[in-house]
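**Student:** How does the following fold in three dimensions:
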Amino acid sequence: MAFFTISKQRPLHLLSAFDLARENELLHEEIEQLKRAVASHAVIDQAIGVLVAIGRIAPEEAWRALRDVSQRTNTRLRTVAEHVLDFAQGGALPEPEMLELERAFQRYRKCSHPTD
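**Tutor:** The predicted structure follows:
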């Protein structure tokens, strides 16, 4: 049985067993990366929801606040999101993240309620 790949660069290319195994490996790696991305996105979305609730800000501002905390504390966005979720369940938020989050709430509350 022969297997072929079709692409613009090589219209019909015969694949060896090694090529097939490598292609299979690459596809499995891509699937794992996509699974991690979906899981990470879910954690970030949940953290945005927490910030909306505790910060009384709009979802767009909650996203900006989360991003700001990540950038200003040099902490990965997913890690900040995980810390926010822990905080929402009674855990402690690292001090630098707490300070930046409070600043972000102040900035974005002003944007949401300019007359307050």
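**Student:** switch to C-alpha atoms for all contacts and neighbour counts from now on
**Tutor:** Fine.
**Student:** what's the span of stretch 72-82 from first residue to last?
**Tutor:** 16 Å (CA to CA, to the nearest Å).
**Student:** Only the buried residues of that stretch, if you could.
**Tutor:** By neighbour count with 16 or more other CA atoms under 10 Å, stretch 72-82 contains the buried residues 77-78, 80-82.
**Student:** and these, which of them are in strands?
**Tutor:** In this view, the buried residues of stretch 72-82 have no member that belongs to strands under DSSP state E.
**Student:** Out of the residues you listed, flag the one nearest to D68.
**Tutor:** When these are compared for distance to D68 (CA to CA), L77 wins out at 9.2 Å.
**Student:** My guess is the closest one contacts D68. True?
**Tutor:** No - in this structure, L77 sits apart from D68 without contact. The criterion is CA atoms under 8 Å, and the distance is 9.2 Å.
**Student:** Dump the buried residues of stretch 72-82 into CSV; add pLDDT as well.
**Tutor:** As requested, these are exported to CSV (pLDDT from 0 to 100):
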residue, pLDDT
L77, 96
R78, 95
V80, 98
A81, 97
E82, 97
